[in-house]
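Q: Test case, fold it:
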Amino acid sequence: MASWFYASEGKQQGPFPEGQFRDLVAQGVVRPDTLVWTEGMAGWQKAAEIPGLVGGGGAPPMIPAGGPPMMGGGGHAGGSAGGGSLSVDFGILDFTWRTLVLVIGSCFVIPVPWLFVWYMQWIVPCVRVPGRPNLSFTGSAMTLVPWFFGFIVLAIAIGFIGSQLLSNLLFIVQLVLYWLLIKWMIANLASNGQPLGFSFTGSVWAYIGWNLLFAISIITIIGWAWVAAAQMRWFCRSIEGTRREIVFKGSGLDILWRGIVAAILCTLIIPIPWVYRWIMNWFASQTVLAPRGSQAAM
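A: Numbering: from 1, shown residues only. Below you'll find the predicted structure:
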């Protein structure tokens, strides 16, 4: 079956099987003015110019070009060593009902590990990574069960004792569990059904330190944004197993004003799904895959 590519924000996305690509057209991800390419085409053309694709246009003009031309350095299957930024795309309705199920289900406590894995299996494929098609999440909820319920038992026990020292210790334990969760999530990423072999190598002490620094920076009102940007750069540097460097380019100022706008809009409740997608898309666009040793990774 034919494989399709499309361009989003100057970056090549794909390949997608015919059926999946038709779904993207139906969902509005691929619009009439979106540039697309498949084997047999001379070059990139608007989707509306492809007969039968979005229900419009005549025969596409023949443009002399090799295909598929690279759209900003990414998109082929097989782990290209080129570069490019990540992107995120998901339907607002899909996000809304899944998030409500996650939040409401979490109130019952016991389903949390299964709900979390279910949510990850949905959101991870929404992330587009240059050179890593069909991203997926392969983690099992049973891995989370001992961590999650062990923490709950510990929290209940400390709550009965009522010791402030033990409460502080519980906070540290919680951070350690978050660190383990990150390592587990990174290790369970796959592309085209094959494990990527990624690992998170940031130390637990560094992770605790970054979170404590972030908590302290809240006092400065605005300093948290620069700490968040620095922590994101540390996080990206700590992912190993890829031939490309992962670089976060966003600045503290970028995070600050977006955080303020997001907080204001979220008070209105209804815009929350759009705000969440906007923020996720921005963070993804600032996360760049660059050939190791290139100037883009400096």
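
Q: contacts, neighbours, all on C-alpha from now
A: Noted.

Q: And the strands in the stretch 51-200 of the chain, which stretches?
A: All strands of the stretch 51-200 of the chain, identified by DSSP state E, counting those that start in this stretch, fall at 84-85, 87-88, 127-128, 135-137, 189-191, 194-195, 199-200.

Q: Could you export these to a markdown table, including columns for mean pLDDT?
A: Formatted as a markdown table, the strands of the stretch 51-200 of the chain follow (pLDDT from 0 to 100):
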| stretch | mean pLDDT |
| --- | --- |
| strand 84-85 | 84 |
| strand 87-88 | 90 |
| strand 127-128 | 90 |
| strand 135-137 | 91 |
| strand 189-191 | 86 |
| strand 194-195 | 78 |
| strand 199-200 | 94 |
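
Q: and of those strands, who's closest to residue 210?
A: Nearest of the strands of the stretch 51-200 of the chain to residue 210, taken as C-alpha to C-alpha: strand 199-200 at 15.3 Å.

Q: Quick check: residue 104 vs residue 180, distance?
A: In this structure, residue 104 and residue 180 are 25 Å apart, going by C-alpha to C-alpha, to the nearest Å.

Q: same check, this time on residue 284
A: 23 Å.

Q: The two - which one has more neighbours?
A: residue 284 (19 against 15; other C-alpha atoms under 10 Å).

Q: And the more buried one, what's its pLDDT?
A: On pLDDT, residue 284 comes in at 93.

Q: mind listing what it touches?
A: 85-88 (C-alpha atoms under 8 Å, 6 or more residues apart in numbering).

Q: need the residues you listed in JSON lines with distance to residue 151 and neighbour count, can you?
A: Converted to JSON lines, these look like this (distance: C-alpha to C-alpha, whole Å; neighbours: other C-alpha atoms under 10 Å):
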{"residue": "85", "distance to residue 151": "37", "neighbour count": "25"}
{"residue": "86", "distance to residue 151": "34", "neighbour count": "21"}
{"residue": "87", "distance to residue 151": "34", "neighbour count": "23"}
{"residue": "88", "distance to residue 151": "32", "neighbour count": "20"}
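
Q: can you give me the helices for this structure?
A: Here the chain has its helices, by DSSP state H, at 18-27, 92-106, 112-123, 141-161, 164-187, 204-217, 223-237, 252-266, 272-285.

Q: Between these, which one is closest to residue 33.
A: Here helix 18-27 is closest among the helices of the chain (C-alpha to C-alpha), at 11.3 Å.

Q: can you give me the offset of the closest one from its chain's centre?
A: Between the centre of helix 18-27 and the centre of its chain there are 21 Å (C-alpha atoms, centre = their mean, to the nearest Å).

Q: What are the structural domain limits within this structure?
A: 3-48, 88-200, 202-298 (automatic domain parsing).

Q: Was I right to think residue 172 contacts residue 207?
A: No. The criterion here is C-alpha atoms under 8 Å, and residue 172 misses it with residue 207 at 10.6 Å.

Q: the more surrounded of those two?
A: residue 207 (18 against 14).

Q: Distance-wise, check the more buried one relative to residue 199.
A: From residue 207 to residue 199 the distance is 15 Å (C-alpha to C-alpha).

Q: give me the low-pLDDT residue ranges for this structure?
A: For the chain, the stretches flagged by pLDDT under 70 are 1-2, 9-10, 42, 55-83, 292-298.

Q: Closest to the centroid, which residue in the protein?
A: Centroid check for the chain by C-alpha atoms, centre = their mean gives residue 127 as the closest residue, at 4.9 Å.

Q: From residue 112, how far off is residue 157?
A: From residue 157 to residue 112 the distance is 20 Å (C-alpha to C-alpha).

Q: Looking at those two, which is more packed in?
A: The neighbour count for residue 157 versus residue 112, taken as other C-alpha under 10 Å, is higher for residue 112 (20 against 12).

Q: Quick check: the more buried one touching residue 103?
A: No. Using C-alpha under 8 Å as the test, residue 112 is too far from residue 103 to be in contact (9.2 Å).

Q: circling back: across the sheet, point out what pairs with the residue nearest to the centre of the chain.
A: Beta-bridge pairing of residue 127 under DSSP bridges involves residue 88.

Q: I'd like the distance from it to residue 224, if you could.
A: Counting by C-alpha to C-alpha - residue 127 and residue 224 are separated by 26 Å.

Q: now swap in residue 137 and tell me
A: Following C-alpha to C-alpha, the distance that separates residue 137 from residue 224 is 30 Å.
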